[in-house]
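**Student:** Sequence first, predicted coordinates after that:
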Amino acid sequence: MSRVGIEAMNVFGGSAVLDVAQLARRRGLDPQRLDNLLMREKTVALPFEDPVTFGANAARPLLDRMSPQDRDRIELLITCTESGIDFSKSVSTYLHDQLGLSRNCRMFELKQACYAGTAGLQMACNFILSQTSPGAKALVIATDISRYHLEDGADASAQDWSYAEPSGGAGAVAMLISDVPHVFRLDVGASGTYGYEVMDTCRPAPDSESGDVDLSLMSYLDCCEQSYRAYERKVEGADYRDSFQYLAFHTPFGGMVKGAHRTMMRKVAGVRGGEIAEDFERRVAPGLAYCGRVGNVMGATVFLSLASTVCNGDFDSPKRIGLFSYGSGCCSEFYSGVVTPDGATRLKETGIGAHLDARHRLTIDAYETLLAKSDFVRFGTRDTTVDQSLVPATRPAHGTGPRLVLRAVKDFHREYAWVD
Amino acid sequence: MVDMRSEEILPLITEAIVEVLPELDGHPFAESDSLEALGADSMDRAEIVMVVLERLDLEVPLVETHGPRNLGELAGLLSEKTSARAR
């Protein structure tokens, strides 16, 4: 049997976090609609954080636990992001350097909106399965940030877009892929993909996001159904209600997943009434816990949901998880894998929940100041010194290891430092 | 049911709205009403369209129902979709 999947994984949910209820009060958002988002906190990317620091901070704890021999078997590094910092040079080059990986390692970056992380995982798994380098490992790092800045003349009537601010997050998930899939064993070949061209959400210019909320939601729902139907055609006996003990969704915000699950249970599983809500609480809600504390982290989100499922679910025996990944534009995939009690124990030991608890809590005024100053490194910056004033205040708890920060940009080259 | 005129589809839309947003039961709907102005959030709007598609037994991707700005335009678009199916 082909064994491949996630040997180890870690989440980095940022250095600072904002309480979403506070933000909603400041913006005058309807509390009822806010509740429907199922968001508690959102990670805020600070001036000294970028996709490289997020990715490095997710990956380093994994690498620190490996022997030098094992680290040298990482022969493929894929970064998955829609927050790239250069049209040519990929984030993977900086991560390769900061993580001290072997020079005999293929590295590149992959883009397909929020689907990028799944694309990276599947490509890495295929590299392992191909056996072109027996015993090799791959490191997949999905890392994304969203920056919000108050623009003069912004359209205040763009009601739905104002609900994107509470859910836009920042974060990264690092996954070590190998033929010893301790944490998540992929069901090889059990996958349904569905994609077509659509202009729902995109990043058409540096440091900007654009989108149509309705179109994106409709496309997500279409893909949720069609990718699962494609899965069902490939996997004999697949049943939406019974084959998966848990479901992990790409989660732009929890309320959208709740709606998608309701639709799938009605249309695909033929379930009506109270059973849908009970099923949501049992199979889906564990995967939303971390997403509601970080926000949408684009390519990394479905794995944030996977980690949340494993850490908050009940794995007293091996359980199958169905994953749905969607990336605007669009490409989607429904696939599955198995988590054992040992895998759940290993992931819980990485202390993701404790890391999320320990993040610095920004006041709403501090957040507004950050927005107003817009003091982050813009795409194409040639030279700058990065404001480090929030580094001490957001220092991680003692014993959690060093954290990478962005110090400066010199002739377009980004300079970083590990700080304790 | 094959080719339906938009006047026949409009009542199905208002029924679907009340099904998704029960607080609008008894509300006087006009063709010029937008779902957003009626208080439907993005998930409600998608669900309303899904309910109507189900009643019409119409299998079209949701993205093809995107664009109408009010109930009348939505009814018109869905009428075109039923005509396309009838052909």
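**Tutor:** Happy to help now that I have it.
**Student:** how many other residues sit next to residue 63?
**Tutor:** This is for chain A. 19 (other Cβ atoms under 10 Å in any protein chain shown). Every C-beta, even on glycine, is put in place using the N, C-alpha and C of the backbone.
**Student:** Switch to chain B, please.
**Tutor:** That count, for residue B:63 with other Cβ under 10 Å as the rule, works out to 21.
**Student:** Ok, residue B:13 next?
**Tutor:** Look at residue B:13: counted by other Cβ under 10 Å, it has 23 neighbours.
**Student:** Quick check: buried residues in the helix or strand hosting it?
**Tutor:** According to DSSP states H and E, residue B:13 maps onto helix B:6-20. Neighbour counts over helix B:6-20 (16 or more other Cβ atoms under 10 Å in any protein chain shown) mark B:6, B:9, B:10, B:12, B:13, B:14, B:16, B:17, B:20 as buried.
**Student:** same deal with stretch A:391-402?
**Tutor:** For stretch A:391-402, by 16+ other Cβ under 10 Å, it's A:391, A:394, A:396.
**Student:** before we move on, back to that, what about the helix holding residue B:13, near chain A?
**Tutor:** No - Helix B:6-20 is not in contact with chain A by Cβ under 8 Å from any Cβ of the partner chain; minimum separation 10.6 Å.
**Student:** Tell me the confidence at residue 64?
**Tutor:** Just so you know, I chose chain A. What the model reports for residue A:64 is a pLDDT of 96.
**Student:** Switch to chain B, please.
**Tutor:** 96.
**Student:** what helix or strand does the residue nearest to it when sequence neighbours are not counted sit in?
**Tutor:** Leaving aside its sequence neighbours, residue B:64 sits nearest to residue B:81 (Cβ to Cβ, 6 or more residues apart in numbering or on different chains; 7.3 Å). According to DSSP H and E, residue B:81 maps onto helix B:71-86.
**Student:** could you give the angle of that helix to helix B:6-20?
**Tutor:** Angle of helix B:71-86 versus helix B:6-20, following axes from the mean of the first three to the mean of the last three Cα atoms, to 10 degrees, is 110 degrees.
**Student:** Okay, buried residues for helix B:71-86 please.
**Tutor:** Within helix B:71-86, the residues that qualify as buried are B:71, B:72, B:74, B:75, B:76, B:77, B:78, B:79, B:81, B:82, B:85, counting by 16+ other Cβ under 10 Å.
**Student:** same question, stretch A:184-202
**Tutor:** Per 16+ other Cβ under 10 Å, stretch A:184-202 contains these buried residues: A:184-188, A:190-195, A:198, A:200-202.
**Student:** what's near enough to touch the spatially most central residue of chain B?
**Tutor:** For chain B, the residue nearest the mean C-alpha position is residue B:13 (4.0 Å; Cα atoms, centre = their mean). Residues near residue B:13 by Cβ atoms under 8 Å, 6 or more residues apart in numbering or on different chains: B:48, B:52, B:71, B:74, B:75, B:78.
**Student:** Put together TSV for these, with distance to chain A and pLDDT on each row.
**Tutor:** TSV is the format used below for the contacts of residue B:13 (distance: Cβ to the nearest Cβ, whole Å; pLDDT from 0 to 100):
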residue	distance to chain A	pLDDT
B:48	11	96
B:52	13	96
B:71	15	96
B:74	12	97
B:75	17	96
B:78	14	95
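**Student:** can you list the residues of the stretch 251-400 of chain A near chain B?
**Tutor:** For the stretch 251-400 of chain A, the contact set with chain B under Cβ under 8 Å from any Cβ comprises A:255, A:256, A:258, A:259, A:263.
**Student:** For the helix holding residue B:13, what is the distance to the chain centroid?
**Tutor:** Mean-position distance between helix B:6-20 and its chain equals 6 Å (Cα atoms, centre = their mean, to the nearest Å).
**Student:** Please apply the same query to stretch A:308-326.
**Tutor:** Its chain's C-alpha centre and that of stretch A:308-326 lie 16 Å apart, by Cα atoms, centre = their mean.
**Student:** Tell me the buried residues in it?
**Tutor:** For stretch A:308-326, by 16+ other Cβ under 10 Å, it's A:308-313, A:315, A:319-326.
**Student:** Could you tell me the model confidence score at the spatially closest residue to residue B:62 that is not a sequence neighbour?
**Tutor:** Closest residue to residue B:62 apart from its sequence neighbours, by Cβ to Cβ, 6+ apart: residue A:218 at 3.7 Å. Among the per-residue scores, residue A:218 shows a pLDDT of 97.
**Student:** Then residue A:161?
**Tutor:** 60.
**Student:** Which other helices and strands does the lowest-mean-pLDDT helix or strand in chain B contact?
**Tutor:** Within chain B, no helix or strand scores below helix B:71-86, which has a mean of 91 by mean pLDDT, DSSP states H and E. Applying 3 or more Cβ pairs under 8 Å, 6 or more residues apart in numbering or on different chains; DSSP states H and E, one finds that helix B:71-86 contacts helix B:6-20, helix B:42-55.
**Student:** what's the spacing between that helix and its chain's center?
**Tutor:** 9 Å.
**Student:** residues in contact with that helix?
**Tutor:** Outside helix B:71-86, the residues that touch it by Cβ under 8 Å, 6+ apart are B:1-7, B:9-10, B:13-14, B:29-35, B:49, B:52-53, B:56, B:58, B:60, B:64-65, B:67-68.
**Student:** swap the cut-off to 7 Å and go again
**Tutor:** B:2-6, B:9-10, B:13, B:29, B:31-33, B:52, B:56, B:58, B:60, B:65, B:67-68 (Cβ atoms under 7 Å, 6 or more residues apart in numbering or on different chains).
**Student:** longest strand of chain A?
**Tutor:** In chain A, with assignment by DSSP state E, the single longest strand is strand A:184-195.
**Student:** Can I get that strand in CSV, CA atoms only?
**Tutor:** Taking C-alpha atoms only, strand A:184-195 is exported to CSV below (Å, rounded to 0.1, in the frame of the first residue of the first chain):
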residue,chain,number,x,y,z
PHE,A,184,-2.2,12.5,8.4
ARG,A,185,-2.1,9.6,6.0
LEU,A,186,-3.5,10.7,2.6
ASP,A,187,-6.0,8.4,0.9
VAL,A,188,-3.9,8.1,-2.3
GLY,A,189,-6.0,8.7,-5.4
ALA,A,190,-9.1,9.5,-3.4
SER,A,191,-9.6,13.0,-4.8
GLY,A,192,-12.1,14.9,-6.9
THR,A,193,-11.1,18.2,-8.5
TYR,A,194,-13.3,20.8,-10.1
GLY,A,195,-12.3,24.1,-11.7
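**Student:** Which members of the contacts of helix B:71-86 are classed as buried?
**Tutor:** Buried among those by 16+ other Cβ under 10 Å: B:4, B:6, B:9, B:10, B:13, B:33, B:52, B:56, B:58, B:60, B:65, B:68.
**Student:** how close does the third one sit to chain A?
**Tutor:** Counting by Cβ to the nearest Cβ, to the nearest Å, the separation of residue B:9 from chain A is 18 Å.
**Student:** if we can go back for a sec, kindly indicate which of the buried ones among the contacts of helix B:71-86 lies nearest chain A.
**Tutor:** residue B:65 (7.2 Å; Cβ to the nearest Cβ).
**Student:** give the contact list for the closest one.
**Tutor:** B:49, B:77.
**Student:** tell me, how many neighbours does residue A:15 end up with?
**Tutor:** Residues near residue A:15, counting by other Cβ under 10 Å, number 27.
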